[in-house]
Each structure stands twice: as C-alpha cells, then as structure tokens.
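# return a 3D structure for these sequence lines:
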Amino acid sequence: MYNVLPFFHIAGLLCDVYNAFRVDVTIAIGGSFNASRYWKEAASFKATYGYLLYALVNTLWAQPPKDATENTLSEK
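Residues are numbered from 1 along each chain as shown. Got it, this is the predicted structure:
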C-alpha cells in the first residue's frame, strides 16, 4: 500500500495506516503528494494499492500523457 495522505486527515490515518495494520500489509509512506512523481514513487515501492481522495485523482488525470511505462504500476 502506498500512502501520500497526511496523518492529520482521517483518510490518511484511518483508511491507510489503520487498515494496513488491520490486514497486515506493508505500507509505504510517501512524501507530500506530487502528481508528476506519484506513479514513479508508487512503482518504486512496488505498491499494489493506494488510497487517494477525489481531488488527487483529478490532479493525476490532468497530467499530460507520458510514456506508458512511467504511468503504470505493472511491470513489462
């Protein structure tokens, strides 16, 4: 699981951290959200799950298209 949400926000603390402990998964804590780095950082942690708020999804969606290998968590 890859988390970029702040812990003072209920989604960052409860939806990510608490649930990671509850189901015994590894959680990677990223720095502050950066749309241009998000996919690369998530892939570097080999994340298979991430929880984002709607505004962050819109920000990712608004990014200019990149090479498919930079925008995916799957390995080629």
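# can you give the distance of the least confident helix or strand in the chain by mean pLDDT from its chain's centre?
For the chain, counting by mean pLDDT, DSSP states H and E, helix 10 ranks last in confidence among helices and strands (a mean of 81). Chain-centre distance of helix 10: 16 Å, with Cα atoms, centre = their mean, to the nearest Å.
# stretch 2-20 too?
Using Cα atoms, centre = their mean, the offset of stretch 2-20 from its chain centre is 11 Å.
# mind exporting the C-alpha coordinates of that stretch to CSV?
C-alpha atoms of stretch 2-20 as CSV (Å, rounded to 0.1, in the frame of the first residue of the first chain):
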residue,chain,number,x,y,z
TYR,A,2,1.3,3.5,-0.9
ASN,A,3,0.2,6.5,1.1
VAL,A,4,0.7,10.2,0.4
LEU,A,5,-2.2,11.5,2.5
PRO,A,6,-1.3,13.4,5.7
PHE,A,7,-1.9,11.7,9.0
PHE,A,8,-3.9,14.7,10.4
HIS,A,9,-6.5,13.8,7.7
ILE,A,10,-8.9,11.0,8.6
ALA,A,11,-8.4,9.3,5.3
GLY,A,12,-4.6,9.2,5.7
LEU,A,13,-4.7,7.8,9.2
LEU,A,14,-7.8,5.6,9.3
CYS,A,15,-8.2,4.4,5.7
ASP,A,16,-4.5,3.9,5.0
VAL,A,17,-2.5,3.3,8.2
TYR,A,18,-5.1,1.7,10.4
ASN,A,19,-6.3,-0.7,7.6
ALA,A,20,-2.7,-1.6,6.7
